[in-house]
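Asker: coords below, sequence missing:
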């Protein structure tokens, strides 16, 4: 049982740690992946609303997910996962 809980915790940590966000020149750059990297670019001018989601386990770690609502039909909501002290 201990092994299973450690495995679940490690997988959750890796999913958060495999994301890096950078704001530069009016754009949000999202880099994800541990072994093969993928980078997405979003225009900050398209963001019209922010929301903060703090699930119980993330609140214990002083973390949360930030949701950016955009006017872009290809990507209506951008989720910034596991942000520390949002």
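Answerer: Structure's in. What do you need? Nothing here was measured: the structure is a model prediction, and the numbers come from that model.

Asker: just the helices in the protein please.
Answerer: Shown for the chain, the helices assigned by DSSP state H span residues 2-17, 56-60.

Asker: which of those has the lowest mean pLDDT?
Answerer: Lowest mean pLDDT within the helices of the chain: helix 2-17, at a mean of 62.

Asker: any regions of this structure where pLDDT drops low?
Answerer: Within the chain, the stretches with pLDDT under 70 are 1, 3, 5-17.

Asker: thought residue 76 was touching residue 49?
Answerer: No: contact between residue 76 and residue 49 fails when scored by CB atoms under 8 Å: they sit 10.7 Å apart. Placement of C-beta: from N, CA and C, glycine included.

Asker: okay, and the common contacts of the two?
Answerer: Both residue 76 and residue 49 are contacted by residue 69, under the criterion CB atoms under 8 Å, 6 or more residues apart in numbering.

Asker: strands of this protein, residue ranges please.
Answerer: For the chain, strands defined by DSSP state E occupy the ranges 19-24, 27-32, 38-43, 47-53, 63-70, 77-84.
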